[in-house]
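Colleague: One predicted model, sequence on top.
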Amino acid sequence: MKDNAPLIQLEEIAKVFNVGQRAEPHSDVTAQSQRLVPVRALNGVRLCINEGELLAITGPSGSGKSTLLHIVGCLLRPTGGRYLFKGRPVESLSEFQLARLRNRNFGFVFQAFNLLPRFSALENVQLPLVYNSTPRYRRREMAQKALEQVSLSHRSHHRPGELSGGEQQRVAIARALVTDPSMILADEPTGNLDSESGRSVLETLIELNRAGKTVVIVTHEQSIVQRMPRIVKLRDGEILP
Amino acid sequence: MRPLDGVRIGVRSLFSNWLRSLLSILGVVIGVATLVVMVSIGEGTKQQIVRSVEAMGSNLIVIENRAGGSLIKRETPGLALRDVELLKEHCHLARAIAPLKMVPVKTFYGGRTSLFIGQGTTPELLEISKLTVSRGRFLSPRDVDEFAKVCVLGGEVPGRLGVREDLVGKFLSLKGQAFRVIGILKEKKTPAGIINPDICVFIPISVSQEISEERASLTNILVQGVSSDLVRQTKRELTRLLTFFHKGNVDFGLWAQDELLERQKKVTETLQKALGAIALIALVIAGIGIMNVLLASVSERIREIGIRKAVGASPLDILSQFVWESLLLTVTGGIIGILVGVFAGNWICGLLNIHLPQAEHRWEAPISSESILVSFAFALTTGLFFGLYPAIKAARLDPCEALAYE
């Protein structure tokens, strides 16, 4: 990492989706939908996130919040602009290098939890460790520790279907934590939860930030936004001043 | 990702859809088992043919009559009994020589008429064609010299005449003349040289010439060489001598047992290749089955692939996960297929031994390590080839689209 460089630095980031090509990856693409319609999801976004920050990205639906989060998390490549992670450009990285970057530096928390239904909580949490060749015995240990951090060690052998929504989301947070990443990226983490569970999940995320993690939360819930020290507002793919 | 993790993930996902996995394994099992059975049965058939041909004597040379012209008016005399005498005198590479004169004979016994192949011959045939007498005796030199009206019946002849009693010593009518049965041969079940002795009636050569329309000429002369290593030389010698006796007329043909062997080996090899091709087609179909299962598995797990990519799986990790699944299916199918193939091969041989009982040889299904290796290699190749496309498809999925997939 270059000294003094921010964790994330986005310069004039643009993302254009060619709708039609993007429709249903596995359905038959009809001749009509093959006509590509460019949709501008992000336009000239400049954003700087420093280590240890807690921020919310907010805005109406379709404003590009999730796209921005996916670009930050290297799940999506921008179509224009420059992205520096710890001072290093990301655009030139190969798919393999991007996967490694995601594995080591980002933990994702999704609205729909995205746990593997056939795997126990403990196995779900171990998943990122499989892809950085952590030995098997270490994986269990680390996953158990991550589950303790979200107060779920007693539910480690339950499958997602046997857990409540709030518990599932905490398992997802444990999975995001297990590789000790620089950043937690949460996409509407409370969207599928009742207010009580939502509050508990939010507290967990805030707690993590206090412990030193950089946390970015995409949300449109005012109750969350109010508690955030920094708010980034998006509209039509642009950041509002 | 460590390879062992790939295997573990593969096993897990195959077990989670065990019925589908089982069905696709079945395709591989059938393909591999067919390949093993085909190769081993083919090999068994080849051995069987080799052994039965060798049982006739690998140093047997058959001389055919190829006299030109019509049956009524021969342009050249063709083979005659005189040739046999001369060959016996001059050919030093021949151990035994027997003439054959084929005469179809209408046979009448106990109110029943049947048509058999009469073979006029001499006592030497017994040794040359490796025939065994089950009751009575074979023709003697005296029978030939004295024009004795006696006959020796092939093993199946009494049965075809519908007779249960012992025919030795009884008289039967051949071509309207009374012949005394002096012996009955043991059933051989395999052709001996150019004749099927089981359905022949053997009579002295002298008598056969008497009762035939075409007196002088012989159908064949069978020659047993002194050694199977000298077959070529013997053939050359016979050709030279006969051409000389016939004053340059090559009105005969010669072929040796080993040529027949070669020909039959070629036939079995062709057959084996054809059977192998069928087995390969079965494997290709099995491969398509595997591809189908994996494609279904990829479509069902788009979201899972998205999750795995989000937590740091590289395209190579995803690719290897699906290739492992495919390999696990084919390796399991391959191992079971080989076991089934070995078992089925032996079972089929057992059936052949029951339904085609043979005194001399039993059918065997030799399982060569080659056939097992080849089948297994084919199964693996099938797995890799047909598993690769779904795996590439999975590896190329865009993580965001995969995560958003419902």
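Modeller: Now that the structure is in, tell me what you want to look at.

Colleague: what mean pLDDT would you report for the lengthiest helix in chain B?
Modeller: Here the longest helix in chain B is taken by residue count, with DSSP state H as the criterion, and it is helix B:257-300. For helix B:257-300, the mean pLDDT works out to 80.

Colleague: Which elements pack onto it?
Modeller: Using 3 or more C-beta pairs under 8 Å, 6 or more residues apart in numbering or on different chains; DSSP states H and E as the contact criterion, the secondary-structure elements in contact with helix B:257-300 are helix B:18-55, strand B:60-65, helix B:315-355, helix B:369-395. Glycine gets a C-beta too; all of them are placed from N, C-alpha and C.

Colleague: helix or strand right after that helix?
Modeller: Along the chain past helix B:257-300, the next helix or strand (assigned with DSSP states H and E) turns out to be helix B:302-310.

Colleague: got the angle for that next one vs helix B:315-355?
Modeller: Using axes from the mean of the first three to the mean of the last three C-alpha atoms, to 10 degrees, the direction of helix B:302-310 lies 130 degrees away from that of helix B:315-355.

Colleague: what distance separates helix B:302-310 from the middle of the whole chain?
Modeller: Here the centre of mass of C-alpha atoms in helix B:302-310, compared against the chain's by C-alpha atoms, centre = their mean, to the nearest Å, lies 56 Å away.

Colleague: before we move on, what about stretch A:181-197?
Modeller: Here stretch A:181-197 shows a centroid-to-chain-centroid distance of 9 Å under the convention C-alpha atoms, centre = their mean.

Colleague: May I see the buried residues of that stretch?
Modeller: Applying a neighbour-count criterion of 16 or more other C-beta atoms under 10 Å in any protein chain shown, the buried positions in stretch A:181-197 are A:181-190, A:192-193, A:197.

Colleague: before we move on, what about stretch A:8-16?
Modeller: Neighbour counts over stretch A:8-16 (16+ other C-beta under 10 Å) mark A:8, A:9, A:10, A:13, A:14, A:15 as buried.

Colleague: Neighbouring strands - and their directions - for whatever helix or strand the last one lives in?
Modeller: Counting by DSSP H and E, the element that carries residue A:15 is strand A:8-19. Take DSSP bridges as the rule and strand A:8-19 pairs in its sheet with strand A:37-49 (antiparallel), strand A:80-85 (antiparallel).

Colleague: Let me have those in JSON lines, adding mean neighbour count as columns.
Modeller: Output for the strands paired with strand A:8-19, formatted as JSON lines (neighbours: other C-beta atoms under 10 Å in any protein chain shown):
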{"stretch": "strand A:37-49", "mean neighbour count": "17"}
{"stretch": "strand A:80-85", "mean neighbour count": "18"}
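
Colleague: For the helices and strands packed on helix B:257-300, state which one has the densest average packing.
Modeller: Most buried of those by mean neighbour count (mean count of other C-beta atoms under 10 Å in any protein chain shown) is strand B:60-65; its value is a mean of 22.

Colleague: Each with direction, which strands does it pair with?
Modeller: Note on strand B:60-65: by DSSP bridges, its sheet partners are strand B:220-225 (antiparallel), strand B:252-256 (antiparallel).

Colleague: want to throw the ones you listed into TSV with mean neighbour count and distance to residue B:330?
Modeller: Formatted as TSV, these follow (neighbours: other C-beta atoms under 10 Å in any protein chain shown; distance: least, C-beta to C-beta, whole Å):
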stretch	mean neighbour count	distance to residue B:330
strand B:220-225	24	53
strand B:252-256	18	47
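
Colleague: Please report the distance of the residue of the stretch 201-350 of chain B found nearest chain A from residue B:391.
Modeller: Nearest residue of the stretch 201-350 of chain B to chain A, counting by C-beta to the nearest C-beta: residue B:312, 2.4 Å away. To residue B:391, residue B:312 is 19 Å away according to C-beta to C-beta, to the nearest Å.

Colleague: now swap in residue B:378 and tell me
Modeller: For residue B:378, the distance to residue B:391 under the criterion C-beta to C-beta works out to 20 Å.

Colleague: OK, contacts around residue B:65?
Modeller: Applying C-beta atoms under 8 Å, 6 or more residues apart in numbering or on different chains, we find residue B:65 in contact with B:78, B:79, B:217, B:218, B:219, B:220, B:251, B:252.

Colleague: Under a three-state scheme, what state does the closest residue to residue B:328 other than its chain neighbours occupy?
Modeller: In space, residue B:328 comes closest to residue B:10 once its chain neighbours are excluded; the distance is 5.0 Å by C-beta to C-beta, 6 or more residues apart in numbering or on different chains. Three-state secondary structure (criterion: DSSP: H, G, I helix; E, B strand; the rest coil) places residue B:10 in helix.

Colleague: surely residue B:10 meets residue B:321?
Modeller: Yes: shown here, residue B:10 and residue B:321 form a contact pair, counting by C-beta atoms under 8 Å, at 6.5 Å.

Colleague: Once you drop chain neighbours, what's closest to residue B:166?
Modeller: If you skip the residues right next to it in sequence, residue B:166 has residue B:135 as its closest partner in space, 6.6 Å away by C-beta to C-beta, 6+ apart.

Colleague: so that neighbour bridges to which residues?
Modeller: Using DSSP bridges, the beta-bridge partners of residue B:135 come out as residue B:184.

Colleague: picking that back up, ok so the residue of the stretch 201-350 of chain B closest to chain A is a helix residue?
Modeller: No: when classified by three-state DSSP, residue B:312 is found to be coil rather than part of a helix.

Colleague: could you say which helix or strand contains the closest residue to it other than its chain neighbours?
Modeller: Excluding its sequence neighbours, the residue lying closest to residue B:312 (C-beta to C-beta, 6+ apart) is residue A:103, at 2.4 Å. Following DSSP H and E, the helix or strand that holds residue A:103 is helix A:95-105.

Colleague: same for that helix, what does it pack against?
Modeller: Identification of packing neighbours for helix A:95-105 by 3+ C-beta pairs under 8 Å, 6+ apart yields helix B:302-310, helix B:315-355.
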